[in-house]
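Peer 1: Coordinates only, no sequence provided:
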């Protein structure tokens, strides 16, 4: 853990390969490197998850997308095996998201007792078809109705959650420091933001 006042290098300008190397080392800079990687690729991953949700599930799409996004981010952090020599990071991320979608879909269908359908390919680029899909547009519009603080807290929780309601202690402390709140406040804001997001999606669907 990096102590207060300790020098932390600026990681924003280093390459993706260097970021993955820092994350893989699991040392004091791992979280800082992951945060930079998240800032670079969260929108792409969100778009991939929205694209998968629109193609794979008919009901509870927003919950599927949220869970897929969370699980994809966790896998990237736990298994940062990207190799720049083998191709673009967007292609590697697309593979992670697609494999995660397949695993999640099997769980989803086990609960609903339906048949698993073949998973279509979805693009690793933020193209017009992905970002203009009905589900993506709904989620994007709903997110825009949240405050910056609500979006930051909600997306940070989704980035780390693995079925529990708690963030790693260092991440939670950083979140609280950034917004001048307590841990309980952060959890309450996250719950309210998620509820508000779902309500906004329902309202937008009714207006269609």
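Peer 2: The structure has been received and is ready for your questions. Predicted model only: the values in this text are computed from it and were never measured.

Peer 1: Geometric centre of the protein: which residue is closest?
Peer 2: In the chain, the centroid-proximal residue (C-alpha atoms, centre = their mean) is residue 69; its distance is 4.0 Å.

Peer 1: Helix or strand: which one has it?
Peer 2: Here residue 69, judged by DSSP states H and E, is contained in helix 61-78.

Peer 1: Beyond that helix, next helix or strand please.
Peer 2: Helix 61-78 is succeeded, C-terminally, by helix 89-112 (DSSP H and E).

Peer 1: Pull out the buried positions in stretch 182-190.
Peer 2: Within stretch 182-190, the residues scored as buried using 16 or more other C-beta atoms under 10 Å are 186, 187, 189, 190. Backbone N, C-alpha and C define where each C-beta goes, glycine included.

Peer 1: How about stretch 82-97?
Peer 2: Buried residues in stretch 82-97 (16+ other C-beta under 10 Å): 82, 89, 90, 92, 93, 94, 96, 97.

Peer 1: so for it, what's the average pLDDT?
Peer 2: Regarding stretch 82-97, the rounded mean pLDDT is 88.

Peer 1: first to last residue in it, what's the distance?
Peer 2: End-to-end distance for stretch 82-97, by C-alpha to C-alpha, to the nearest Å: 13 Å.

Peer 1: Now find how far off-centre that stretch is within its chain.
Peer 2: Averaging C-alpha positions (C-alpha atoms, centre = their mean, to the nearest Å) puts stretch 82-97 16 Å from its chain's average.
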